[in-house]
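Peer 1: turn this into a model:
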Amino acid sequence: MHMSAEEFRRYGREVVDWIADYHSRIESLPVQSTVEPGGVRGLLPAHPPLAAEGFDGVLRDLESVILPGITHWQHPSFFGFYPANASGPAMLAELLSAGLGVQGMMWATSPACTELEQHMLDWLVELLDLPAAFRSDGAGGGVIQDTASTAILTALLAALHRVSGGEVRRSGVRAGAYAVYASSQVHSAVPKAVVMAGLGEASLRTVPVDPVTQAMDVGELRRMLAADVAAGVRPVLVVAAAGTTSTAAFDPVLEIGRVCREVGAWLHVDAAYAGVAAVCPELRFVNAGLEYADSYCTNPHKWLLTNFDCDAFYVADRAPLLGALSVLPEFLRNAASESGAVVDYRDWHVQLGRRFRALKLWAVIRWYGVEGLRAHIRGHVTLAAEFAAWVRADKRFELVSASLGLVTFRLRGGRTEELHSALNGSGRIYLTHTRVNDLYTLRFAIGGTHTGGAHVGAAWELIAGTVTGMGELDRPERGMRPEPEIQPDS
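Peer 2: Below you'll find the model as predicted:
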C-alpha cells in the first residue's frame, strides 16, 4: 500500500517538473483567481474514495481543480499585501525537510534541527546587523516561529511573566490589571494576541499616529502610560512597528524604547516586512532603536527569498520567555536537556512540535550569498522609487507614501476603489488597499522573486491607461513615464 522508492522517484520527478513548468508559465495565468465561492468544492467528489486511486489523478486534478482556484502569489505582477517569496533553493530545502520528517521539539529529538537553527539565527544577526544581545551565545537568542503573529503572542506571554513576577503563570490574569499599547496602524495580530492571552480587548490601548508619517505619537504613548500607572494598571507590552502593514511607516523605536525603560514595559519591535532590508548597509535605518528592544521579529518568508513560513524571533533575555512557557512532563525528560548544555526550542513558543525550517534559511543564504540577497532587496527598492516618481508626476494621482518596496497612492477625485476593482479584474496585476486618514488608498508592493522593471513598467502603463478609460480625469500624454525624481533609499 505504501509508495515504493521507485514510485516515489517517478512521481517526485513529475512533481518537480510540474512546479518548474508552473513557474515558467505563471505569467500566462491571471494573477487573481476568478472562481466563485464554492467553485473548487463543486469540482471535488462528495465522498472520499473507497479504493486506492494512486497519484496520477492527484497530478491531473491539480491542473483542473486546484490551479483555477489559486491566486498566484509568485506571479511577478502580484503587487498585493507584502511579498511572499519562494525560491528554488528554499523549495528544495522544504522538500528535504519533509523527506527527513523531523520533529524538532527538543535537541534530543534531532540535534541538527536545533543547532542549525541556532546557527542560522546567529547568521541573521550578523547579516542584518542586529544587536549582539540577540545572539545565542548570550542571555538572549533567536528561534524560528511560523509568523510574526505568533511572535507577538509569544512576546506578550513573556512580558506578562516578567511584569507579574510569575503571578500570571500561577494565578492567571486579573481583569483590568495590565495594559498593552500599540498604534492605530499596528498589525491585527496585536489585538488578537491580547484576546488569546486572556487580557481582554479593554486592556489594549490604541496610540494615535502622526497623520502625515503614520508613525506612533510618542507624546500620546507617554500620556497613556502615565495615566495607567496612576490608576494602578501595569504597562506590560508596547509594540512598535518598523514598517507597518498599511504604509510601511516606522514608529520612532528609539524614543519608544526610552519611554518603555522608564515604566518597565516590554518593548517588542515588529519588523515583519521591513527588517530584512537591513541586509543592505544603506538601509539599516530600519534597525534604529533596536538596542532597547526586549524582543524583535522579521520574516525572511516575506522579502528574503525563503518560502512561507519562516519568522525570525529574537529575545534579549530568554529567562522570562522560558519562565512563561516551559512545561516538562516526564515523557520529555532526557539527559541532554537536564545537563543544561542544549537548547530545547519547545520552550520558546506556543506549540510543542516543530518542523525543520532552518534548512530553508541555510539553503537560501548559501545559494544567494550576502551579495545576492542585497541585490534582490536593492533592485526592488530602486523600482519602487521609480514607480513613486511616475505617480508623483501624474497629476491625476496623489502619492501618499513611498517606503522601501511599498508605494501607496490614490486617485484625486475619489474613484480609487473603482480603479482598484478594474485593475484586479483585468487579471494582469493584483493590488490590495488600505485606508490612510480614512481615505481609500492603493498599495503597490514590489518584492516578488522574479518581479523586474518590465513588470513594474507594464503595471504603471495599465494603471494609467485604465484611468484614461475611466474618463473625466485630466491626464498627461498617454504612455509617458517620467524619469524618477527620488533616490532608492528615500
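Peer 1: ok, V343 touching G141?
Peer 2: Yes: assessed by Cβ atoms under 8 Å, V343 is found in contact with G141 at 7.2 Å. (Glycine included, C-beta is placed from N, CA and C.)
Peer 1: who touches both of those two?
Peer 2: Applying Cβ atoms under 8 Å, 6 or more residues apart in numbering, one finds that V343 and G141 are jointly contacted by Q118.
Peer 1: give me the more crowded residue out of the two.
Peer 2: Shown here are V343 and G141; by other Cβ atoms under 10 Å, G141 has more neighbours (24 against 19).
Peer 1: residues in a beta bridge with the more buried one, which ones?
Peer 2: Note on G141: beta-bridge partners by DSSP bridges are V315.
Peer 1: so who does it touch?
Peer 2: Applying Cβ under 8 Å, 6+ apart to G141 gives the contacts 118, 121, 134-135, 314-315, 318, 343.
Peer 1: who are the packing partners of the longest helix anywhere in the chain?
Peer 2: The longest helix of the chain (DSSP state H) is helix 358-393. Contacts defined by 3 or more Cβ pairs under 8 Å, 6 or more residues apart in numbering; DSSP states H and E place helix 358-393 against helix 88-100, helix 111-128, helix 300-303, strand 397-403, strand 406-411, helix 453-470.
Peer 1: next, format these as TSV and append mean neighbour count and mean pLDDT.
Peer 2: Below are these laid out as TSV (neighbours: other Cβ atoms under 10 Å; pLDDT from 0 to 100):
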stretch	mean neighbour count	mean pLDDT
helix 88-100	17	96
helix 111-128	19	97
helix 300-303	29	97
strand 397-403	21	97
strand 406-411	25	98
helix 453-470	17	96
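Peer 1: out of these, nearest to M224?
Peer 2: Nearest to M224 among these is strand 397-403; the distance by Cβ to Cβ comes to 25.4 Å.
Peer 1: name the SS class of the residue nearest to H75 when sequence neighbours are not counted, please.
Peer 2: Among residues not flanking H75 along the chain, V31 sits closest, at 4.8 Å (Cβ to Cβ, 6 or more residues apart in numbering). Local secondary structure at V31 is given as coil here, using DSSP: H, G, I helix; E, B strand; the rest coil.
Peer 1: wait, R374 touches A278, no?
Peer 2: No: the criterion here is Cβ under 8 Å, and R374 misses it with A278 at 10.3 Å.
Peer 1: for V40, give me its contacts.
Peer 2: With contacts defined as Cβ under 8 Å, 6+ apart, the neighbours of V40 are 65-66, 68-69.
Peer 1: write the ChimeraX selection for whichever of those residues are buried.
Peer 2: Only the buried entries of these go into this ChimeraX selection, using 16 or more other Cβ atoms under 10 Å:
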select :65
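Peer 1: which one of the contacts of V40 is nearest to W107?
Peer 2: Nearest member of those to W107, counting by Cβ to Cβ, is I66, at 38.0 Å.
Peer 1: list the buried residues of the longest helix of the chain.
Peer 2: 358-365, 367-368, 373-374, 376-393.
Peer 1: from R9, how far out is the residue lying closest to A402 once chain neighbours are set aside?
Peer 2: Closest residue to A402 in three dimensions, ignoring its sequence neighbours and counting by Cβ to Cβ, 6+ apart: A388, at 3.8 Å. Distance, A388 to R9, by Cβ to Cβ, to the nearest Å: 49 Å.
Peer 1: likewise L304?
Peer 2: 32 Å.
Peer 1: the two: which has the busier surroundings?
Peer 2: Counted by other Cβ under 10 Å, L304 and R9 do not tie: L304 has more neighbours, with 29 against 11.
Peer 1: show me where the protein has its strands.
Peer 2: 141-145, 178-183, 204-207, 234-241, 266-270, 295-298, 311-315, 397-403, 406-411, 432-436, 439-445 (DSSP state E).
Peer 1: just checking: what are the partner strands of the fourth one?
Peer 2: By that I understand strand 234-241. Partners of strand 234-241 in its sheet, by DSSP bridges: strand 178-183 (parallel), strand 266-270 (parallel).
Peer 1: what about P45, neighbour count?
Peer 2: Neighbourhood size, P45 [other Cβ under 10 Å]: 7.
Peer 1: so the longest helix of the chain versus strand 439-445, what angle?
Peer 2: Interaxial angle of helix 358-393 relative to strand 439-445 (axes from the mean of the first three to the mean of the last three Cα atoms, to 10 degrees): 130 degrees.
Peer 1: so for helix 358-393, mean pLDDT?
Peer 2: Averaging pLDDT along helix 358-393 gives 98.
Peer 1: how far off centre is it?
Peer 2: Mean C-alpha position of helix 358-393 versus that of the full chain (Cα atoms, centre = their mean, to the nearest Å) differs by 15 Å.
Peer 1: that one to helix 88-100, inter-axis angle?
Peer 2: Interaxial angle, helix 358-393 versus helix 88-100 (the same axes, to 10 degrees): 150 degrees.
Peer 1: make TSV from the strands of the chain and add distance to S24 to it.
Peer 2: Below are those laid out as TSV (distance: least, Cβ to Cβ, whole Å):
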stretch	distance to S24
strand 141-145	30
strand 178-183	43
strand 204-207	46
strand 234-241	37
strand 266-270	36
strand 295-298	31
strand 311-315	30
strand 397-403	32
strand 406-411	28
strand 432-436	26
strand 439-445	24
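Peer 1: and which of the contacts of V40 is nearest to V168?
Peer 2: Nearest to V168 out of the contacts of V40 is G69 (Cβ to Cβ; 43.1 Å).
Peer 1: now the closest one. Nearest residue, chain neighbours left out?
Peer 2: Spatial nearest neighbour of G69, chain neighbours left out: V40 (4.2 Å); criterion: Cβ to Cβ, 6+ apart.
Peer 1: quick check, pLDDT for that neighbour.
Peer 2: 95.
Peer 1: for it, give its distance to P68.
Peer 2: Using Cβ to Cβ, we find V40 at a distance of 8 Å from P68.
Peer 1: contact partners for L419?
Peer 2: Contacts for L419 (Cβ under 8 Å, 6+ apart) come out as 411, 442, 463, 466-467, 470.
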